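Colleague: sharing a model that was predicted from the sequence below.
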There are 2 protein chains.
Amino acid sequence: MSAYAELKDRFHRRSAIEGALATLQWDRAAMMPRGGSDARSEQVAVLETIAHGLLADPAVPDLISAATAEHLGFADRANLGEMRHAWVHAAAMPADLVGALARAGAACEMAWRSARANSDFKAVLPQLQALLALVREEAQVKAAALNLSPYDALLDSYEPGGKSAEIDAIFADLAAFLPGFLDDVLARQAEKPDPLPLTGSFPTAKQKALVARVMTAMGFDFEHGRLDESAHPFCGGIPDDVRLTTRYDETDAFSGVFGVIHETGHALYERGLPAEWRGQPAGNARGMSLHESQSLTMEMQAGRSRAFLSWLAPTMAAAFGGSGPAWSVENFVALAQRVERGFIRVEADEVTYPAHVILRYRLERAMIAGDLKLADLPGAWAEGMTELLGVAPPDDRLGCLQDIHWYDGAWGYFPTYTLGAMTAAQLFAAAKTATPNLEEALAMGDFRPLLKWMRTHVHAEGSLLPTGEILRRATGKPLDAKAFKAHLRARYLG
Amino acid sequence: MSAYAELKDRFHRRSAIEGALATLQWDRAAMMPRGGSDARSEQVAVLETIAHGLLADPAVPDLISAATAEHLGFADRANLGEMRHAWVHAAAMPADLVGALARAGAACEMAWRSARANSDFKAVLPQLQALLALVREEAQVKAAALNLSPYDALLDSYEPGGKSAEIDAIFADLAAFLPGFLDDVLARQAEKPDPLPLTGSFPTAKQKALVARVMTAMGFDFEHGRLDESAHPFCGGIPDDVRLTTRYDETDAFSGVFGVIHETGHALYERGLPAEWRGQPAGNARGMSLHESQSLTMEMQAGRSRAFLSWLAPTMAAAFGGSGPAWSVENFVALAQRVERGFIRVEADEVTYPAHVILRYRLERAMIAGDLKLADLPGAWAEGMTELLGVAPPDDRLGCLQDIHWYDGAWGYFPTYTLGAMTAAQLFAAAKTATPNLEEALAMGDFRPLLKWMRTHVHAEGSLLPTGEILRRATGKPLDAKAFKAHLRARYLG
C-alpha cells in the first residue's frame, strides 16, 4: 500500500469515529434521558481520545513525508494538504493538554449554566480562568507549530487559513459604516407603523408540518436526514445523515420557521459536499465562515427577502388559518426585516449582528493576548456595547454570560459569524447575477435555482480549495464588505 | 499501575466503545433515515474493530498473567475471570476471520430479507453456505482455545459456561413431556368457548400512554431509558440508558402490551446490574438464558397470570373505552393463555414454544457438525415440525426462513430461549415462596415485590457468579424442567 493510501485508510477510520461522535452528540441533545449523561460523557471522551491518537501517532508524519514524494493528482494533493493540516493541529497538542481542556471545558460549561441562570459572572470566574489558561497554552503550542500568532492559531481550527490581520481590515470597515447606517435605518423605520404581531396559537403539530414543507421546498432530503427537537437548535450528523434540531414555541411560529431555515442552510451544505470524498478531509466542509454563509444565505439573503416572504406569508396563513393585515406580505416583510438595538446576539437582526461579533472579537483577542483580565470582562463588555450599539446590558445574563462559546473553550470562533454574513451577501449577489430567475423562483417557494448554484460553486468544492479561492472562483473577487453593505442599503434604505 | 488496574482501564474503554455501539445500533433501528445506512455500517465496523483490537492486543495475556499473581478479593477475581473469558474469545479469532464474518453476515442478512419476502430459501442458500463455512471455522478455532466441542464453543458466546450435554438432558425431558401435555391442554381448551377478540380501534397515542403506564408500574425509570418504535422490537442501550422499542398495531393493542412487558423485563435486568461494576465485565448481564428469564418472568410468569390480568383488564378497558364480556378478566385470561399449534416461533405460546426451540437446536447442532447439508434444511425443518408439533409449514417463509438468527451468523443462540423459560419458572416459584404478597401486589399492578426479589437475587449479581450458581443461590437448586412443568400444569390443566 502506498503511504498516501495508508493515510487515506487512517483518515477514513477517523472520519467513521467522528461520524459516530456526531450521532452520540445529537442523541445527547435530542434523545438521551438525563440519567445517561455520565456514561455518554465517558463514551465521547474515549472515542475522542482514539480519534486524536489516530492522528497524533508518530507514524503519521513519516507517512505524510512519504506521500508528499508520491505522484498525486491535484485533488489528492489537496487532500494530503488537509491531512497535514489536521495532523499539525493534533500533533501540536500534548495528550494531557487535550484531556485537561476537555475536563476544564466540561466543568466551566456546567458552572456557566447556573451562573447564567443567576446572572452571576463571579460564580463562573474561577472555572473560566482555569479554562482560559489552558486555551492560552493551546494557542501557544499551536502558534509554534503553525507559525502563526496565538490568536490566529486558535482561529485556524474553525477557519483554516483565517488571519486576524484580514479580519481587522474588514471589521474596521464595518465598524466605521454600521453606527451611522443603523441610525439611518432606525430613523426610516420610525417613519412607518410598527409591524403587527402574528397572534393566535401555533400548535406544535401544525408547526412541524409547516417546517417540513419549508425544508422540502429548500431541497432537504428526509431520506438523508431528520428534524428533531432540542433546547438549543443545531445542525449535526454527517453528510449522508444530517440531524437538525429546532424548538417549538406555541406562541411564536415566526422565529421557529426562520430558525429551521437557518439550520437547513447548514444541512444543505453538508449534504452537498462531494460524495467521492466522503470520509476524507478534502470532503469536509471548508470552514465555519463558509458554513455560516450557507445558513445565512438561506435565512437572511433568501429567507427574509420580499420574494420568499411573498410565498411564506400565504403559506403560513393557510397552515395556521390566519387572516387579516397581520398575514399580509407587507407585514411579513416588516416583521422579518425589523431592526432593533438589543442585548442578545442570537436574537439580533442582520444590521446589528456584526456589532455583537466585533465586540466579542475584540474582547477575545485581548483575553488571548493577556491584555484583558477576566475579572474586568463585564465592564469591558458594557463599554464595548455602548460604543458599538449604544446600549449597555443591565446584568451579566444579558451581557457577557449570554453565549456558551468561551465557557466551553471556543475562543477564535466568533468572527466566523460575520465573515459568514459577508460571504453570504457576496455569494448571493453572484448567484442572482448568474441566475436570472432566482428571485422569481423564491417567490414561488422554489429554492432549486439557488441551491443548484450553491451546490456547484460552493458545496461540491468541499475542502479541495482554500476558502478564499472558492469565493474568488464563485464571485470573481476576494471577500470584502461591499456586497454586504450594498445588501443592507438596498434592503433597509432602498 | 498494577496489571489488574491496567486491565480495568482497558475494559472500561472497551465498555465505553460498546456503549457507543449500542446507541448507534438503536439509532439505526429506531431513528436513522435509510440513506444513512452505508455510513453507519462503516462506523460500526470501525468501532467493532477497535473494540476487538483492545482485547486481541498481545499485551493482554501478559497483563492477565501478572494480574493473576496479584492479591485480589473475591469480586475482583471474578472480574478477572470474566476478562480472561472475553480475551480467550477475542484472541482465538484471527482479525481476517472477524472481518470476513461481519461481511458475510451482512450479505447473508440482506439476501435473507428478500428471500423471506419471496419465500424462496434457494435464493439465500449460497450466502448461507458461505456464512456457515465461516461460522464453522469460528467454532473450530474457539473450540481449540476453549477446550470445548465446536457447538459448545459457539454456545459459550451467548451462554458462558453453557454445555450441550446439559441442554440435551433437559430438552429430552421436555420433548418427552410436551407432546402429550399439549394434547391434554388442547383437549381441555376445546371444552371451553373461544376467547372473544378485543374489537375496536386502538389509536397509537392511547397505546403509548397505556404502555408507559404499564412500564412505570413495572419499575422502569424513564430518567434512565426510553421507549421508541422499530420494525423489530428489542431492548438495547446500556444499564444507565436503556433503549426499548416496540411497534404499534392500531388493530391489536393486546400483543403490543405483552411485547412491551417482555422487553421491559430485559430492561429491568440491565438497569439492575451492579452500579459499582459499570464498565467492567463483572458488571455485565450474565448470559442470554438469564436475560431471557427476566423478560419471560415479566411476560409469561407475571404478565399472563390471572393476578396481573385482573389489573390489566380494567386498566385497558379504561384506556380504550372498552366494555362488555370481551373486556372481562376471564376473557383476558383466555386470550393471554391461549395455546395453538403454529408455524411461527415468535408468535408461539409458552406451551408450544419449546418445540420450536428444540427443533432449531437439533438442526443447528447438525449444521455445525456437518451432518446436515443446508440444501436439505427445508425438508429437515418440515420433518422436525411434524414430529415435535404435528404441523408442517406450507412454505419456507413460515418455515426455515422465519428467524433472522442463522442468517446473521448466530448459531448457538436458540437454546437460551427455552433455558430462559425454565429459569423464569424456577425463579418465579422461588420469588413467590419468599414473598407472600407477590401475587396480591401484581393484582394491583404493583411489581415492586417481584422486582425487589429479582434485583437482589439476580440483577445485583451481574457476572460475579456463574449462571448456575446464581440460580442455585436464588432457588436452592440447579436448573431443571420441574418448575417449568409444574407451572404449565398449574396454569393449563389446573
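Modeller: That came in fine, so what should we check first?
Colleague: which parts of the stretch 151-300 of chain A are helices?
Modeller: Along the stretch 151-300 of chain A, counting by DSSP state H, counting those that start in this stretch, helices occupy A:164-190, A:204-218, A:254-272, A:288-296.
Colleague: give me the distance from the first one to the chain's centre.
Modeller: Averaging C-alpha coordinates over helix A:164-190 and over its chain gives two centres that are 21 Å apart (Cα atoms, centre = their mean, to the nearest Å).
Colleague: tabulate the helices of the stretch 151-300 of chain A in JSON lines, adding columns for distance to chain B.
Modeller: Yep, even glycine has a C-beta here, placed from its N, CA and C like the rest. JSON lines is the format used below for the helices of the stretch 151-300 of chain A (distance: least, Cβ to the nearest Cβ, whole Å):
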{"stretch": "helix A:164-190", "distance to chain B": "35"}
{"stretch": "helix A:204-218", "distance to chain B": "11"}
{"stretch": "helix A:254-272", "distance to chain B": "9"}
{"stretch": "helix A:288-296", "distance to chain B": "20"}
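Colleague: out of these, deepest packed?
Modeller: Mean neighbours per residue, mean count of other Cβ atoms under 10 Å in any protein chain shown, is largest over these for helix A:288-296, with a mean of 25.
Colleague: I'd say A:Thr204 and A:Glu250 touch.
Modeller: Yes: between A:Thr204 and A:Glu250 there is a contact at 6.2 Å, judged by Cβ atoms under 8 Å.
Colleague: circling back: just send the helices of the stretch 151-300 of chain A back as TSV, with mean pLDDT too.
Modeller: Below are the helices of the stretch 151-300 of chain A laid out as TSV (pLDDT from 0 to 100):
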stretch	mean pLDDT
helix A:164-190	96
helix A:204-218	97
helix A:254-272	97
helix A:288-296	98
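Colleague: contact partners for the closest residue to chain B within the stretch 1-150 of chain A?
Modeller: Closest contact between the stretch 1-150 of chain A and chain B, by Cβ to the nearest Cβ, is at A:Gly36 (3.0 Å). By Cβ atoms under 8 Å, 6 or more residues apart in numbering or on different chains, A:Gly36 lies in contact with A:28, B:224, B:237-238, B:240-241.
Colleague: now the residue nearest in space to the middle of chain A, nearest residue through space, not along the chain?
Modeller: Taking Cα atoms, centre = their mean, the centroid of chain A lies closest to A:Glu292, which sits 4.3 Å from it. Among residues not flanking A:Glu292 along the chain, A:Gly420 sits closest, at 2.6 Å (Cβ to Cβ, 6 or more residues apart in numbering or on different chains).
Colleague: that neighbour: which element?
Modeller: Per DSSP states H and E: A:Gly420 is located in helix A:415-434.
Colleague: cool, and A:Glu364?
Modeller: Since the elements are taken from DSSP H and E, A:Glu364 ends up inside helix A:353-369.
Colleague: got the buried residues for that helix?
Modeller: Buried residues in helix A:353-369, counting neighbours by 16 or more other Cβ atoms under 10 Å in any protein chain shown, are found at A:353-368.
Colleague: which residues of the stretch 251-400 of chain A lie near chain B?
Modeller: A:278-279 (Cβ under 8 Å from any Cβ of the partner chain).
Colleague: would you map out the domains in chain A?
Modeller: A:3-158, A:160-494 (automatic domain parsing).
Colleague: now the first one: average pLDDT?
Modeller: I take that to be domain A:3-158. Averaged across domain A:3-158, pLDDT comes to 95.
Colleague: from the middle of its chain, how far away would it be?
Modeller: For domain A:3-158, the distance to the chain centre is 17 Å (Cα atoms, centre = their mean).
Colleague: next, count neighbours for the closest residue to A:Ser2 other than its chain neighbours.
Modeller: Distances taken as Cβ to Cβ, 6+ apart put A:Glu70 closest to A:Ser2, at 5.7 Å, once the chain neighbours are dropped. Using other Cβ atoms under 10 Å in any protein chain shown, A:Glu70 has 13 other residues around it.
Colleague: fine by me, we can end here.
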